[in-house]
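*Asks:* Sequence plus predicted model, see below.
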Amino acid sequence: FQASAKGLRQLARDLNLDLISSDPSLSKFVLSDNNLYALPKDLAKLLSPGGLLTAIAGALVKPVASSSNNADETVASFVSRVLGEEVLQKVVEPFVSTIYTGDPDTMSLRSVFPLLGKL
């Protein structure tokens, strides 16, 4: 679990359970084209030059809300719109599907990443 999951830690204490968390200082890896990439260190190797430029441009510009302002956007929609489809496929989908065991195409941005949902 993520060490920042305060609610989960409290629930574990309430249930008298011991939790084992991952070390946030360790690299997280993504497998792509039969190669392992340590993130964020190897992001430039994982993405194509165009994908990297799209991600950098999206990260530098404050995201504009989706066309339907009150509707909750999906994780996939936000990431592909702001950082590009390649970041969605090669970075976000592997992590979100592993950590949350969910599909970014159906997951609520406001629920999964509330701070991003407020942008």
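*Replies:* Here it is on my side, so go on.
*Asks:* ok, the residue lying farthest from the centre of the chain - contacts?
*Replies:* What lies farthest from the middle of the chain is Asn16; by CA atoms, centre = their mean that is 30.0 Å. Applying CB atoms under 8 Å, 6 or more residues apart in numbering to Asn16 gives no contacts. The C-beta positions use only the backbone N, C-alpha and C, and glycine is treated the same way.
*Asks:* May I have the phi/psi pair for it?
*Replies:* Backbone geometry at Asn16, expressed as degrees, to the nearest 10, gives phi 60, psi 40.
*Asks:* what separates it from Gln10, distance-wise?
*Replies:* Here Asn16 is placed at a distance of 12 Å from Gln10 (CB to CB, to the nearest Å).
*Asks:* Could you give the number of residues near the closest residue to Val92 other than its chain neighbours?
*Replies:* Nearest residue to Val92, sequence neighbours excluded (CB to CB, 6 or more residues apart in numbering): Val79, at 4.9 Å. When neighbours are defined as other CB atoms under 10 Å, Val79 has 25 of them.
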